[in-house]
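Enquirer: prediction below, plus the sequence it came from.
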Amino acid sequence: MLTPEQLAKLQEHLIPLYHELEDFILEDIARRIKKAGQVTDTAKWQAEMSKEIGIGLKRIEEEVARINGMAIEEVEKLFNEAALTSLKGEVALYEKAGLNPLTLENSPLLNQYLQAAIKQTQEELINITRSMGFATTVGGKVTYQPIAKAYHNALDLAQFQISSGVLDYNAAVKRAVKSLCDSGVRYVDYESGWSNRVDVAIRRATLTGGNQMSTQMTIANMEHLGIEYVETTAHAGARPDHQSWQGQVFCYKGKDMKYPDFVDSTGYGHGDGICGWNCRHTFHPFIPNISTRAYSDADLERIKELDERVIEFNNKHYNLYQATQKQRQIETAIRKTKRELIGYNATELKDEFNNASIKLQRQKQYYKEFSKAAGLPLQNERHQVYQFDKSIAQKAVQANKKFEKEVQKQYNRGNKEYSVTDYLKDRPVIEKLNQYNINFVERINDKESIVTLKTPTISGVRKHFSDNLEQKADRRELTVERALEFIDNAKLVLYQENRDVLKFLSEKGYTILNLECEVVTAVPQKWRKKYDKYLKEE
């Protein structure tokens with residue numbers, strides 16, 4: 001049998017190969033979108049598109065063949081090693097019991113199982129690469145397209161948007177690249193409509209193949225030697241419906257009042273049971289009065305405590321299984337951003353590259369913080385991207401450092417220490433205010449931010465101002481001159497995001513202007529002490 005840890009390692013050498021393939025495809029298509037998007041003449045475009053798609057698909061086919069060749073060799077090597085590892089512990093138990101087990105050296109049947117598992121997994125990997133495509137959303141419905149079709153549509157749509165003036169060149173290329181990166185290269189079963197990322201499909205195929213090979217060998221020896229009992233493996237973070245039977249001894253054959261039925265209890269033989277879809281559990285022979293349980297009651301209690309431990313992060317609560325799923329989600333998001341960086345680098349979209357670099361650093365930091373809070377080891381290999389080479393990585397790091405300097409510079413005028421997360425939240429407001437020569441200082445709540453600007457030149461008075469003079473008793477004595485006085489003597493100016501206006505606060509009242517410098521209203525209200533903490537000391 002193979003332990004959960006050994007099964008997990010079975011895929012470590014294969015997944016990077018298919019990450020490499022995915023990144024090659026995305027980078028190649030992105031580069032050709034950029035090149036073809038520069039052609040606006042329709043006749044030239046048709047010729048250029050046919051040429052680019054032809055060359056691109058040929059290169060992709062060559063890369064697929066190269067990766068599959070390496071993977072086929074790797075599967076044979078990995079499964080041979082796994083078979084030896086799987087049998088090693090069981091053979092020791094049988095010999096201790098004075099039994100003569102089947103081995104790869106003396107059993108054609110075990111070798112048959114090994115070769116069948118190798119062949120099945122190799123064929124499944126090849127089938128996955130033959131059924132690759134992209135997911136696109138049209139009219140709110142997700143559809144899947146083979147690579148050639150998605151390639152053609154991405155180029156065609158980008159050129160149409162540019163030539164028709166719907167989008168400029170950079171925007172059209174960005175949209176095409178981001179759409180492909182959002183999907184990632186996927187394995188699609190077009191008959192069932194089922195789809196998943198290529199790396200997930202490869203992981204599932206490898207894990208399932210290795211697990212089934214191991215269990216077939218175990219069962220062959222048990223039937224050969226008349227063994228009637230098995231013990232299941234156990235690990236923390238197991239799927240909730242697998243936790244009840246992990247680490248237990250079962251009756252595999254016949255009936256026993258002491259030990260429950262193996263198939264009924266674990267769902268063996270079904271996709272959602274032990275050794276089924278993406279399951280890391282397996283089982284090994286157990287001989288009463290000779291075997292020592294691999295998982296004592298104390299071991300299982302510790303695993304249960306880990307599974308039931310409540311993990312709190314950012315005001316949300318997770319159990320261990322939920323935390324491992326959350327960690328996988330973050331890893332997937334990091335890989336997606338790295339794919340975007342590959343695409344933006346290939347298309348020389350500098351602003352988009354810089355923004356993705358900033359996002360990547362935030363994601364990596366979030367990944368570290370969440371994993372630490374959950375007590376989970378970092379699994380950086382899960383979000384590695386082959387084409388994300390040193391030059392792209394260094395460019396991304398430099399772009400982020402430049403951004404962090406911008407944050408420090410931006411908030412230097414304020415009286416509060418801001419984080420990068422705060423800045424990302426505030427940046428849309430900052431960019432909007434900059435258009436009006438208004439300087440953002442700091443946010444004081446979800447709706448209001450302190451700003452500075454030169455004394456505005458009033459461009460008009462809104463009807464709302466005069467309506468308030470007539471309808472509200474406290475404002476009947478106000479005049480436009482008084483409203484301007486509030487502005488001239490303002491101790492603090494706030495930008496109110498929800499109303500898109502500026503609020504000039506003085507000791508005796510406040511005036512509100514819209515961004516076109518029209519007076520909206522004025523209120524004779526005494527200075528509120530809650531604003532004292534935001535005033536600079538003279």
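Expert: Cool, got the structure.

Enquirer: where does the prediction get shaky in the chain?
Expert: Scanning the chain for pLDDT under 70 picks out the ranges 1, 3-4, 7, 36-46, 138-139, 380-390, 408-421, 537-538.

Enquirer: would you mind finding the longest helix in it?
Expert: helix 42-96 (DSSP state H).

Enquirer: now residue 458. Its backbone dihedrals?
Expert: Main-chain dihedrals, residue 458, degrees, to the nearest 10: phi -70, psi 130.

Enquirer: give me the number of residues near the nearest residue to it once chain neighbours are set aside?
Expert: Leaving aside its sequence neighbours, residue 458 sits nearest to residue 517 (Cβ to Cβ, 6 or more residues apart in numbering; 5.7 Å). (Glycine included, C-beta is placed from N, CA and C.) When neighbours are counted by other Cβ atoms under 10 Å, residue 517 registers 14.

Enquirer: surely residue 517 meets residue 454?
Expert: No: Residue 517 is beyond contact range of residue 454, at 11.0 Å (criterion: Cβ atoms under 8 Å).

Enquirer: before we move on, the earlier item: following element in sequence after the longest helix of the chain, please.
Expert: Moving toward the C-terminus from helix 42-96, the next helix or strand (DSSP states H and E) is helix 108-130.

Enquirer: the helix or strand just after that next one pairs with which strands?
Expert: Later in the chain than helix 108-130, the nearest helix or strand by DSSP H and E is strand 132-138. If you go by DSSP bridges, strand 132-138 pairs up with strand 141-146 (antiparallel), strand 186-189 (antiparallel).

Enquirer: which outside residues touch the longest one?
Expert: Around strand 141-146, the neighbours that count as contacts under Cβ atoms under 8 Å, 6 or more residues apart in numbering are 132, 133, 134, 135, 136, 137, 153, 186, 188, 190, 193, 195.

Enquirer: distance of the second one relative to residue 67?
Expert: I take that to be residue 133. Here the criterion is Cβ to Cβ, to the nearest Å. By it, residue 133 lies 17 Å from residue 67.

Enquirer: and residue 209, how many residues sit next to it?
Expert: By other Cβ under 10 Å, 24 other residues sit near residue 209.

Enquirer: for the one helix or strand it maps to, which helices and strands make contact with it?
Expert: Using DSSP H and E, residue 209 maps to helix 198-225. For helix 198-225, the packing partners by 3 or more Cβ pairs under 8 Å, 6 or more residues apart in numbering; DSSP states H and E come out as helix 4-9, helix 15-36, helix 42-96, helix 108-130, strand 186-189, strand 283-285.

Enquirer: any chance of these in CSV, plus mean neighbour count and distance to residue 493?
Expert: What follows is the helices and strands packed on helix 198-225, written out as CSV (neighbours: other Cβ atoms under 10 Å; distance: least, Cβ to Cβ, whole Å):
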stretch, mean neighbour count, distance to residue 493
helix 4-9, 17, 58
helix 15-36, 22, 44
helix 42-96, 16, 52
helix 108-130, 18, 60
strand 186-189, 21, 51
strand 283-285, 24, 71
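
Enquirer: let's have the ones you listed in CSV, adding distance to residue 292.
Expert: Output for those, formatted as CSV (distance: least, Cβ to Cβ, whole Å):
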stretch, distance to residue 292
helix 4-9, 19
helix 15-36, 35
helix 42-96, 9
helix 108-130, 25
strand 186-189, 42
strand 283-285, 12
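
Enquirer: of the ones you listed, which is nearest residue 342?
Expert: Smallest distance to residue 342 across these (Cβ to Cβ): 5.1 Å, for helix 15-36.
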